[in-house]
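In: structure for the following, please:
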Amino acid sequence: MFNALTRVRPMAALGEAVAGRLLRTTIVQVSRYLTGDTIRAAAQDRVAALVGRSSPCR
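Out: As a prediction, this is how the structure comes out:
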């Protein structure tokens, strides 16, 4: 069904727009993670909490 929807031009354009937005959002988040010490530490703490550690290995 998804393949059939992507063949309809308006749906394909919509899918392309959504994919572009998701990609841009992901790139911004990765850039913040790689350059921001505070953001990186907070992300590592959240992941550590999810996997059951009290603090990440630093």
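In: flag the shaky bits of this structure, pLDDT-wise.
Out: Applying pLDDT under 70 to the chain flags residues 1-2, 5-6, 54-58.
In: residue closest to the middle of it?
Out: Centroid-nearest residue in the chain, with Cα atoms, centre = their mean: Thr26, separated by 4.0 Å.
In: ok, that residue to Ala4 distance?
Out: Distance, Thr26 to Ala4, by Cβ to Cβ, to the nearest Å: 27 Å. Quick note: C-beta positions are derived from backbone N, CA and C, even for glycine.
In: likewise for Ala42?
Out: According to Cβ to Cβ, Ala42 and Ala4 sit 42 Å apart.
In: who has more neighbours out of the two?
Out: Neighbours of Ala42 and Ala4, each counted by other Cβ atoms under 10 Å, are more numerous for Ala42; the result is 12 against 8.
In: the helix or strand harbouring that one: how far from the chain's middle?
Out: Here Ala42 sits within helix 37-51, counting by DSSP states H and E. Here helix 37-51 is found 15 Å from its chain centre; the criterion is Cα atoms, centre = their mean, to the nearest Å.
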